[in-house]
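Q: how does the following fold in three dimensions:
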Amino acid sequence: DVFRVDPQLERYQKHLQHRWKAYEDAKARVAKDFGGMDAFSRGYDTYGFTRERGCVVYREWCPSAKAVQLIGDFNGWNASWCERKEFGVWELKLADGADGRRAIPHASRVKVRIQKPDGTWVDRIPAWIAWATVEQGKMGAKYDGVVWDPKGDQKYEWRNTRPKKPQSPRIYESHVGMSSQDPKVATYREYAEQVLPRVKALGYNTIQLMAIMEHAYYASFGYHVTNPFAVSSRSGTPEDLKYLVDTAHGMGISVLMDVVHSHASKNVDDGIAGFDLGQKEEDNYFLLGEKGYHSLWDSKLYNFGNWEVRRYLLSNLRWWMEEYQFDGFRFDGITSMLYHHHGINVGFSGNYEEYFGMNTDVDACVYLMLANDMLHSLYPDCTTIAEDVSGMPTLCRPVHEGGIGFDYRLAMAIPDKWIQLLKHVRDEDWSMLDIVTTLCNRRYTEKCVAYAESHDQALVGDKTMAMWLMDAEMYTGMSVFNEASPIVDRGMSLHKMIRMVTMAFGGDGYLTFMGNEFGHPEWIDFPREGNGWSHQHARRQYNLVDDQNLRYKFLNDWDRAMQELDKKYGFLNSSHQIISSHDEKDKVIIGERGELLFVFNFHVSNSYRTYKVGVGEPGKWRLVLDSDAWDFGGHGRIPHDCDYFTQPEGVPGKPETNFNDRPCSITLPLASRSVQIYARVPEGPGSLEAVAGPEPDPGDNVEAMSSDCLSWNAFVSSSL
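A: This is a model prediction of the structure:
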């Protein structure tokens, strides 16, 4: 079926059929040898710490070990010997006490002691551990695994069901640890009680949580995972995370998790990497040598062709879905998985040869197909998003069509384009075609989530988009009691426009990183030796937007208005998208998305009294959102009490005679550095009077005026 969608893929039919056969063979073996996908993907019912007939049972896959012991609080850190079973699995059964007391009580610290092939012993954290903690305040302390098995009132009781899958995700990306306005690590409960109400008020329907999987190194942003099944203990317990997810569901907000299966921390003392004892690949979670090492990330790479690795990772996905009721995942680092070169020093041009050949990691592709098929079969409302920079065709087509099965990919080129323009190109030299091309450069029938700036771009050494736009003036020029300086005025205007044009034309969903909705200043810098272990830049200054005397409130209100616009008109979910004009001289972009007409004027100074705009539908149009409105910190240059009527263009049935390929036109006022959005409204009694404005001269599309010398109120009066 992927050939039907994209006939160019037929040239690579052999490769795609090879991938499909490998997937079909893997699925057939799961059904034959492992009892089907449902059983295969519930490895946590067998491995790690489970309960069986009055016993605590511990199992671990470690085929290269000569001997295995379990040590911990429960036995005074003395050895409890495990027995070797089939297929390299070690097992220990401990009967509960006669009084019913658990053999390993809840919250007991544990480690597994392994005798390596060379006879030496090492202590590791069990691979399937559900929680891991470190002694607070002790520099360089090692993590301990924690057996998490709460009972009674210690166990969280779910109150809400999962919300229905949104037609288009509007995602508020969050790092719980840095979500406090205070310089500290925030907790799951603090996020639920302090940040979720903000998310709800803004109108986002989804949160995406970073750094949930345990990671010993906080400054890794959560991407150097040590314990894939464990909740990050810095922000609380597993029950605290359940409270966060349940609270979000109660607000109708879906919860996605950043899942990191593309690599793992090489920290052997605290994480899954500790089970690499130098054994052969078929007995290892990881590939060997250079194949198993990511040189840019300094991390280990999973052996996706190994059946126990597939069981482990697929079960990991089910664990987060079942135990914590997540609604889906954003898969990190997919480009690294798809190719043997991991995307390192590779520029993708869009040539199909780059996607289908010897450089493609078919084992990883098959794992991702199994993962997406499992998730969408067992959880029909599950959402999966791929972080892929390569643009691999079929990545976001269903598995049954021969695709890899993701619902969306992140439109990663968009934030790169904005930061490139802000850093290196004068406003006067911005190319409208370049912007439009970047926003619209996505594969037909493969959905994207658009975003204007990445959390990575704000890491130390760089800064947020708002800081790039306004820089030091953010410290002194944001008071509403003073007239905005030219720098602040420009920054506020472009910040609103960039976000709106990205949302309007960049994809089928929208994402913002927490705080960026109100123009968060400065940068992100996690506590480290180089900054004196400070949390000063690892927090979100929500106090800025709460201060009604500062201009941050205008950007926040604009972001809320954007979410409400999609909530009302559903334009993100619409396949109707047409860019009818991208004028380099006027610096104007005109486009339609769903029922709406978007008019962007990026010109640094020129506003236009009468600008002829092509539209697809005849009738009466009304302004529904205006970035230049006073409510959003604008100058109020566009009238809000007017309706505008279309004129027919060209000869019916001859599209070449239309205006900008649209059968109708409308004449609108445009203010410099602003965007206006219009919607068709029914004609009839009680509608507002239209202000058509003077008819433009034949052959002359615009009449320019200086944005700082004539008020629009005067213009409207003269028109009337």
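
Q: okay, CA-based contacts and neighbour counts for the rest of this
A: Will do.

Q: okay, now the unreliable bits of this structure?
A: 137-140, 685-720 (pLDDT under 70).

Q: 50 - rerun?
A: Applying pLDDT under 50 to the chain flags residues 687-720.

Q: just give me the longest strand of it.
A: When every strand of the chain is counted residue by residue (DSSP state E), the longest turns out to be strand 606-615.

Q: ok, Ile414 to Asp1 distance?
A: 29 Å (C-alpha to C-alpha, to the nearest Å).

Q: higher neighbour count, those two?
A: Ile414 (23 against 12; other C-alpha atoms under 10 Å).

Q: got phi/psi on the residue in the chain sticking out farthest from the centre?
A: Going by C-alpha atoms, centre = their mean, the residue of the chain most distant from its centre is Ala98, 50.1 Å out. The phi/psi pair for Ala98 (degrees, to the nearest 10) reads phi -60, psi -30.

Q: relative to Cys55, how far out is it?
A: Per C-alpha to C-alpha, Ala98 is found 11 Å from Cys55.

Q: next: Asn160.
A: Asn160 is 32 Å from Cys55, where distance means C-alpha to C-alpha.

Q: what does Gly36 give?
A: In this view, Gly36 and Cys55 are 27 Å apart by C-alpha to C-alpha.

Q: looking at the two, which is more packed in?
A: Applying other C-alpha under 10 Å to Gly36 and Cys55 shows that Cys55 carries more neighbours, namely 17 against 14.

Q: what sits against the more buried one?
A: Going by C-alpha atoms under 8 Å, 6 or more residues apart in numbering, Cys55 touches Lys93, Leu94, Ala95, Asp96, Arg102, Ala103.

Q: my guess is the fourth one meets Glu52, correct?
A: Think Asp96. No: here Asp96 does not reach Glu52: they are 10.5 Å apart, not a contact under C-alpha atoms under 8 Å.

Q: neighbour count for these two, which is higher?
A: Comparing Asp96 with Glu52 by other C-alpha under 10 Å, the one with more neighbours is Asp96, at 16 against 11.

Q: now do the contacts for that one.
A: Asp96 makes contact with Gly54, Cys55, Val56, Arg102, Ala103 under the criterion C-alpha under 8 Å, 6+ apart.

Q: let's go with 10 Å and repeat that
A: Arg53, Gly54, Cys55, Val56, Arg102, Ala103, Ile104, Pro105 (C-alpha atoms under 10 Å, 6 or more residues apart in numbering).

Q: phi and psi next, for it.
A: According to degrees, to the nearest 10, Asp96 has phi -70, psi 160.

Q: that one and Val56: what is the separation?
A: From Asp96 to Val56 the distance is 7 Å (C-alpha to C-alpha).

Q: one more: Leu572?
A: Distance of Leu572 to Val56, given as C-alpha to C-alpha: 50 Å.

Q: ok, those two, which is more surrounded?
A: When neighbours are counted by other C-alpha under 10 Å, Leu572 and Val56 differ, and Leu572 comes out ahead with 26 against 18.

Q: in stretch 466-479, what's buried?
A: By neighbour count on 16 or more other C-alpha atoms under 10 Å, the buried set for stretch 466-479 is Ala466, Met467, Trp468, Leu469, Met470, Asp471, Met474, Gly477, Met478, Ser479.

Q: what's the first-to-last distance across it?
A: One end of stretch 466-479 sits 16 Å from the other (C-alpha to C-alpha).

Q: next, the residues that contact it from outside, please.
A: Contact with stretch 466-479 is made by 419, 422-423, 453, 458, 462-465, 482-495, 516-523, 544, 547-553, as judged by C-alpha under 10 Å, 6+ apart.

Q: now stretch 418-438
A: 411-417, 439, 452-454, 457, 463-465, 468-469, 490, 494, 498, 501-502, 505-506, 579, 581-589, 591, 602-605.

Q: in helices, which of the residues you listed appear?
A: If you go by DSSP state H, the contacts of stretch 418-438 have 413-417, 439, 465, 468-469, 490, 494, 498, 501-502, 505 in helices.

Q: can you tell me which of these has the most neighbours?
A: Highest neighbour count within those, by other C-alpha under 10 Å: Met465, with 28 neighbours.

Q: how much space separates that residue from Ala186?
A: Met465 is 24 Å from Ala186, by C-alpha to C-alpha.

Q: same deal with Lys654?
A: Noted for Lys654: a distance of 62 Å to Ala186, by C-alpha to C-alpha.

Q: same check, this time on Lys585
A: Counting by C-alpha to C-alpha, the gap from Lys585 to Ala186 is 49 Å.

Q: what about Pro648, neighbour count?
A: For Pro648, using other C-alpha under 10 Å, the count is 18.

Q: what does Tyr223 give?
A: Each residue near Tyr223 was counted by other C-alpha under 10 Å, and the total is 27.

Q: and for the one 4 residues further on?
A: Close neighbours of Asn227, defined as other C-alpha under 10 Å, add up to 27.

Q: which residues are in contact with it?
A: 125-132, 145, 213-216, 264-265, 270-273.

Q: Gly48 too?
A: Taking C-alpha under 10 Å, 6+ apart as the test, what Gly48 contacts is Val57, Tyr58, Arg59, Glu60, Trp61, Glu91, Pro126, Ala127, Trp128, Ile129, Ala130, Val147.

Q: so what strands line up beside the particular helix or strand that has the first one in it?
A: Spelled out, it's Val57. Using DSSP states H and E, Val57 maps to strand 55-61. Taking DSSP bridges as the criterion, strand 55-61 forms sheet pairs with strand 48-52 (antiparallel), strand 89-95 (antiparallel).

Q: helices and strands around the very next helix or strand once past it, which ones?
A: Note on strand 55-61: by DSSP H and E, the next helix or strand toward the C-terminus is strand 67-72. If you count contacts as 3 or more C-alpha pairs under 10 Å, 6 or more residues apart in numbering; DSSP states H and E, strand 67-72 packs onto strand 80-81, strand 83-84, strand 89-95, strand 108-115, strand 121-124, strand 143-147.
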